[in-house]
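> need a 3D model of the sequence below.
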Amino acid sequence: MGRLAIGIVLAVLAAGCQSSAPVSRADLLAQAQRMTPADPKVAGLYGQSCKQCHTLADSGAPLTGDRAGWEPRWAKGLPTLVKSTVSGLGGMPPGGQCFSCTQGDYEALIKFMAGRE
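Sure, this is the predicted structure:
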């Protein structure tokens, strides 16, 4: 009886360790379009600047909340991401068009979009 119980526990644990089905691009896009930062100041900045590109499927920008899409960028470190944002990178203009953003604002916006709040 003990072996049976151990087998059941191991089976349940193994099932819990399996990765879930991948999220579709359409679901990621819908999620990005619904998301808003909890902090009102950051939400205002996000709506004015970041949301325009980070909720569009073909903008080239990683979608808000798409941790897998943000992972290679996040691996570079937050200081590098802030520096790239301030100076502009690829299709993103300098400052991400946020003319009133502080260093802390950029950090909060990046963390939010990358799903790292």
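> for residue 37, helix, strand, or coil?
For residue 37, the assignment made with DSSP: H, G, I helix; E, B strand; the rest coil gives coil.
> I'd assumed residue 43 was in contact with it.
Yes. Shown here, residue 37 and residue 43 form a contact pair, counting by C-beta atoms under 8 Å, at 4.5 Å. (C-beta placed from N, C-alpha, C; glycine too.)
> need the contact list for residue 23.
residue 31 (C-beta atoms under 8 Å, 6 or more residues apart in numbering).
> helices along the protein, start to end?
Under the criterion DSSP state H, helices of the chain are mapped to 2-17, 25-34, 40-45, 51-54, 67-74, 78-87, 103-113.
> name the residues that touch stretch 32-45?
Contacts of stretch 32-45 (C-beta under 8 Å, 6+ apart): 46-47, 54-55, 63-66, 98, 100-101, 105, 108-109, 112, 117.
> hmm, try it at 10 Å
For stretch 32-45, the surrounding residues in contact (C-beta atoms under 10 Å, 6 or more residues apart in numbering) are 46-47, 50-51, 54-57, 61-66, 69, 96, 98, 100-102, 104-109, 111-113, 115, 117.
> separate out the buried members of those.
46, 50-51, 54-55, 61-66, 69, 96, 98, 101, 105-109, 111-113, 115 (16 or more other C-beta atoms under 10 Å).
> dump the residue contacts of residue 72.
residue 62.
> coming back round to it: any chance of the helices of the chain in JSON lines with mean pLDDT as columns?
Listed next are those as JSON lines, based on pLDDT from 0 to 100:
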{"stretch": "helix 2-17", "mean pLDDT": "44"}
{"stretch": "helix 25-34", "mean pLDDT": "93"}
{"stretch": "helix 40-45", "mean pLDDT": "98"}
{"stretch": "helix 51-54", "mean pLDDT": "95"}
{"stretch": "helix 67-74", "mean pLDDT": "96"}
{"stretch": "helix 78-87", "mean pLDDT": "97"}
{"stretch": "helix 103-113", "mean pLDDT": "98"}
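> what is the neighbour count of residue 25?
The number of residues packed near residue 25 is 12, by other C-beta atoms under 10 Å.
> torsion angles phi and psi at the spatially closest residue to it that is not a sequence neighbour?
In this structure, residue 25 finds its nearest non-sequential neighbour in residue 57, 6.9 Å apart by C-beta to C-beta, 6 or more residues apart in numbering. With angles defined as degrees, to the nearest 10, residue 57 sits at phi -60, psi -40.
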